[in-house]
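**Student:** Next come a sequence and a model predicted from it.
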Amino acid sequence: MNTARRPDLLDPYEVAQLGGVELVAEGVVEGVLAGLHRSPFRGFSVEFAEHRPYQPGDELRYLDWKMLARSDRLVVKQYEEETNLRAMIVLDASRSMDWVGGERRLTKLEYAKRLGAALALVLLRQRDATGFVGFDERVRSVVPARSRRRQWWTLAAAVAALAPGGGTAAEPALYRVTDLLRRRGLVLFISDLLLDPKLALLALRYLRHRGHQVIVFHIMDPAELTLEGQPEARFEDPESGAGVVARPRELRAAYTETVRRSIREWRAACRSGGIAYHHVLTDTPFGFVLRQAATRRTRRG
Amino acid sequence: MIAFLQPLALLGLAVAALPTVLHLLTRRVPPTVTFPAVRYLAETERQQSRRLKLRHLLLLLLRTALLASVVLAAARPVVRVGLGGAHAPTALVLVLDNSVSSGAVVEGRRVVDLLAARARAILQRVDEGDRLWLMQADGLPRALTPAEAIALLDGLEPSPRRLDLGRAVRAAAGVVASQALPGREVVVLSDLQRSAFSSGDPVTTRVLAWAPGVTPENRSLDSARAEPPVWSLSGQVVAAVGGVRRSPVALRLSMGGRDVARAVAYPGDRAALPVRVGRPGWLALRVSLDPDELRADDDWFLAARVAEPARAAADAGAGRYVADALAVLQEGGRVGRGRTVVLADRLAGTRSIVVPPADQAAIGALNRALAARGVAWRFGDRLDGEWRVGADGGAADGATVRRRYRLLGSGAVLARANDDPWLVRHQDVVVLGSRLEDGWTDLPVTAGFVPFLDLLINRIAAGETRSMGAHPGDVVGLPANVEEVLTAAGPQPVAGDRRINAPWEPAVYFLRAVGGDTVGALEVNHDPRESRLAPADAQVLRAAVGPGAELLSDGALDRELFGGAKRADLSGALLLAALLAAALEFVVASVGAKTGRGRA
């Protein structure tokens, strides 16, 4: 396959020009799955449930070799959780996400919506029940986790309809997830993390405490990594309206160091809490992010 | 103590405020940019604010220091290095201005005495290694020892001469410049009259000037002259009074120690003092003011010559107006009867006043007669029009001329019709361009006609006087027939080149020819510029002498004297400081920018 034409490897902005959230997600997921030889997100339980006939695409390591030896039939072992994995995609739609730092780039929200949709499609493809929670300072949109055929369209519609909101408060959304995921499941938290870190980490650790796997996608525009612009400007927070007058030339280095330190702190805090953390720039092709997340998750699983 | 050689440049210090002013002027509300990651920026700003404030303050200080250093360097600051009584060997010219104005009395003491006291204080500080010259009002630098100079000061009196301080300082600077000593100074002790400074090449030598500081109010006689120059039975002296126009002053005209006329005039005006005299000869006259703080300019000496009334006759061709006026003068005794002077439309054999003939055809013959007599003037074309007569104080001044002959030639022009010669003289012949009739000029029908004729006849008859004006000590060229000058010490013979130095004592000195005949007078008087006592300020001093001149007070003169060899020019150090400030500014500014870019 010509990689230059694969949507999962294209520039996110160019991919977004191809169509809506659903189309982009399908194109990206097709590419990702074609490049993988097994399902990226798997249940982690070892509790055996039943045998089923082998189908092309199933991992060979789940073949029941003993059954093959005894009956000469290709069957794979299925586990309880694998068939009943429940995942929730928690997406930040606050006003700070509705920002883009340069031309030919997606806003953080548009990027996050397409990434969330792609993640949902991957999960649904392997028949995992997948749900969605959109939030700003409150919970804005909820789609309970299902694995039925129409769930993809329901999810895609909910994601596409999510408009930028006001402030950011992740805790209500994360605590709401605990209601929606009664059993241990997977929580995919997509946000620019411009929120109260202590409260957010507390909620994320609570999810871990409840036995859920948690993956954090820290979305950031490349223009937030460094400070550019006019010789002097008043930089205003779109959510709180708070402003800082600064000269980028004077503060550029120190600012970059502050951002990097913040990323390091998030990564360390997540690692110490057993939470997977991915720092994602909005010019990164979706396929890279999906593959990176899948690789780590497989390594964990 | 720091002094500045170019203090006007200090005005540029305002430039040093430029960075601050620019900072304030360019302060504005910056544009607002939406930026979600403000929390990172706020945290960064909190951490960096102290460093940034320090950097901004440092840059402001460096830029201000840079500009201030450049401006201060342009002002040429100099500072004394080392203290104490000893000084480097110095070539010193002491200019002691004992000119006429130094006789003024200030607070009960003469200026010359104040200058001498100051000079003594300076002389006491002259060391053995120094070289000293003393220059007085004669403008000649004399090399002296301090003891000789102090002895000279003991008998110092105001000189009747004027001292050009500009020229004196330049001469003094030339003297010290030729000396191979570390220190070179010119010290000027003077009342520093503004009128005493002539401009010239600026001197580079250090010039220290000191003045008593108090200027008295002065009134003076600036000039006086006899009008007419030759008197017949009477005449007048016209005197000009100078000084501050505050109150009138009384003038006295004396002759042989006896007052003969009095007048009152305001300073700035002229006063006429009429005199009647009985017998012909030369008169020595003296105009005096009441005494004031400067006595030397309260008298003016002048000479007048008295002659017998001329004997004159008028031919019929001169016109009836001339005949009538001459009759009036003869009746009044101003003119005698006779033919010493003849007024006619032809050239007489004696002294003649020639008017053009009524018949234009006779002009050719008259021109030929003038040529034969050796007169340098001729009658040219006859012109009709309207011209105004201009003459120096003559009675014809302002008269209107409607017809005249153009006068061609060369010689003394006594009056002009507009710009053309109208009344001319050569030898003992006076030629008029117009007939003295009402069709030619309105002069005969004016009140000035008779005085005009009186002056004309007597002037022709008596000839010109030989009165010469001079200031004490001036070099004067005497007429060829003068053999001796009559002074108070007796007759002084005149050398072959006929050039003498005018006597120092203001007075009238008569000039004698062979046989003892008095042929003229030398009027020696003070220079009126010495009466202008308004002092020069530092700016005038520098403009006339050079940028190195300093006007000092008592204490400052004591400090600065002999300081030239111990002075350091700070301009170089300040320029170095400016360079250092510029380098530091560059480093601070670029380091800030580099840290801003480098890690991004």
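**Tutor:** Nice, I can see it. Note that the structure is a prediction, hence the values are computed from the model and not measured.
**Student:** Stretch A:131-148: end-to-end distance?
**Tutor:** According to C-alpha to C-alpha, to the nearest Å, stretch A:131-148 extends 11 Å from its N-terminal end residue to its C-terminal end residue.
**Student:** er, stretch B:420-440 actually
**Tutor:** With C-alpha to C-alpha as the measure, the first residue of stretch B:420-440 is 16 Å from its last.
**Student:** just checking, what packs against the host helix or strand of B:Ala171?
**Tutor:** Per DSSP states H and E: B:Ala171 is located in helix B:165-177. Counting contacts by 3 or more C-beta pairs under 8 Å, 6 or more residues apart in numbering or on different chains; DSSP states H and E, the secondary-structure elements packed against helix B:165-177 are strand B:90-96, strand B:131-135, strand B:141-143, strand B:183-189, helix B:538-545. Yep, even glycine has a C-beta here, placed from its N, CA and C like the rest.
**Student:** Output these in CSV; the columns should cover distance to B:Gly385 and mean neighbour count.
**Tutor:** Converted to CSV, the helices and strands packed on helix B:165-177 look like this (distance: least, C-beta to C-beta, whole Å; neighbours: other C-beta atoms under 10 Å in any protein chain shown):
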stretch, distance to B:Gly385, mean neighbour count
strand B:90-96, 59, 26
strand B:131-135, 60, 21
strand B:141-143, 62, 15
strand B:183-189, 59, 25
helix B:538-545, 50, 19
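**Student:** could I get these as CSV with mean pLDDT and distance to A:Asp58?
**Tutor:** Conversion of those to CSV gives the following (pLDDT from 0 to 100; distance: least, C-beta to C-beta, whole Å):
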stretch, mean pLDDT, distance to A:Asp58
strand B:90-96, 92, 114
strand B:131-135, 93, 120
strand B:141-143, 92, 124
strand B:183-189, 91, 111
helix B:538-545, 88, 107
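**Student:** Name the nearest residue to the residue in the stretch 251-400 of chain B that chain A sits nearest to, ignoring sequence neighbours.
**Tutor:** For the stretch 251-400 of chain B, the residue positioned closest to chain A under C-beta to the nearest C-beta is B:Gly268, at a distance of 68.1 Å. With sequence-adjacent residues excluded and distances taken as C-beta to C-beta, 6 or more residues apart in numbering or on different chains, B:Gly268 is closest to B:Arg245, at 5.0 Å.
**Student:** how deep is that neighbour tucked in, by neighbour count?
**Tutor:** Summarising burial for B:Arg245: neighbours were counted as other C-beta atoms under 10 Å in any protein chain shown, giving 12.
**Student:** and the longest strand along chain B, how far out from the chain's middle?
**Tutor:** Of all the segments of type strand in chain B, defined by DSSP state E, the longest one is strand B:377-391. Taking C-alpha atoms, centre = their mean, to the nearest Å, the mean C-alpha location of strand B:377-391 is offset from the chain mean by 37 Å.
**Student:** ok, then the element right after the helix or strand bottoming out on mean pLDDT in chain A?
**Tutor:** Using mean pLDDT, DSSP states H and E, helix A:80-83 stands out as the lowest-scoring helix or strand of chain A, at a mean of 48. The helix or strand immediately downstream of helix A:80-83 is strand A:86-92, counting by DSSP H and E.
**Student:** Which strands and helices lie in contact with that next one?
**Tutor:** Short answer (3+ C-beta pairs under 8 Å, 6+ apart): strand A:86-92 packs on helix A:108-125, strand A:129-135, strand A:139-146, helix A:170-180, strand A:186-191.
**Student:** buried sites along stretch A:212-225?
**Tutor:** Of the residues in stretch A:212-225, A:212-221, A:223-225 count as buried by neighbour count, 16 or more other C-beta atoms under 10 Å in any protein chain shown.
**Student:** and the helix holding B:Ala171, which residues are buried?
**Tutor:** Buried residues in helix B:165-177, defined by neighbour count with 16+ other C-beta under 10 Å: B:165-166, B:168-173, B:175-176.
**Student:** from the residues you listed, which single one is nearest A:Ala25?
**Tutor:** Top of the list for closeness to A:Ala25, among the buried residues of helix B:165-177 and by C-beta to C-beta, is B:Ala173 at 98.2 Å.
**Student:** pLDDT score assigned to that closest one?
**Tutor:** Per-residue pLDDT puts B:Ala173 at 91.
**Student:** Of the buried residues of stretch A:212-225, which pair is most distant in space?
**Tutor:** If you compare every pair in those using C-beta to C-beta, the most distant one turns out to be A:His212 and A:Ala223, at 33.1 Å.
**Student:** Now do B:Pro309 against B:Gly496, distance only.
**Tutor:** The spacing between B:Pro309 and B:Gly496, counted by C-beta to C-beta, to the nearest Å, is 39 Å.
**Student:** who has more neighbours, the two?
**Tutor:** For B:Pro309 versus B:Gly496, the count of surrounding residues by other C-beta under 10 Å is larger for B:Pro309: 23 against 5.
**Student:** Which residue ranges of the chain form helices?
**Tutor:** I'll assume chain A. In chain A, helices defined by DSSP state H lie at A:12-16, A:21-35, A:65-71, A:80-83, A:108-125, A:151-160, A:170-180, A:197-209, A:248-272, A:286-300, listed in chain order.
**Student:** could you do chain B instead?
**Tutor:** Remark: helices of chain B, listed N- to C-terminal, are B:18-25, B:38-74, B:111-123, B:146-154, B:165-177, B:320-331, B:363-373, B:449-462, B:538-545, B:554-560, B:571-598; assignment by DSSP H.
**Student:** Centre of the chain to the first one, how far?
**Tutor:** Its chain's average C-alpha position is 50 Å from that of helix B:18-25, according to C-alpha atoms, centre = their mean.
**Student:** same deal with the fourth one?
**Tutor:** Average the C-alpha atoms of helix B:146-154, do the same for its chain, and the two points are 32 Å apart (C-alpha atoms, centre = their mean).
**Student:** same question, the longest one
**Tutor:** For helix B:38-74, the distance between its averaged C-alpha position and the chain's averaged C-alpha position is 59 Å (C-alpha atoms, centre = their mean).
**Student:** how much space between the residue of chain A positioned farthest from its centre and A:His51?
**Tutor:** Distance from the centre of chain A peaks at A:Arg70, with 42.8 Å (C-alpha atoms, centre = their mean). Look at A:Arg70 and A:His51: by C-beta to C-beta, they are 12 Å apart.
**Student:** Report the contact partners of the residue of the stretch 101-250 of chain B found nearest chain A.
**Tutor:** Of the stretch 101-250 of chain B, the residue with the smallest distance to chain A, taken as C-beta to the nearest C-beta, is B:Pro202 at 49.7 Å. Neighbour list for B:Pro202: B:545-548 [criterion: C-beta atoms under 8 Å, 6 or more residues apart in numbering or on different chains].
**Student:** what does the stretch 151-300 of chain A have sitting close to chain B?
**Tutor:** Counting by C-beta under 8 Å from any C-beta of the partner chain, the positions of the stretch 151-300 of chain A adjacent to chain B are A:192, A:194, A:224, A:226-227, A:229-230, A:232-240, A:242-246, A:248-259, A:262.
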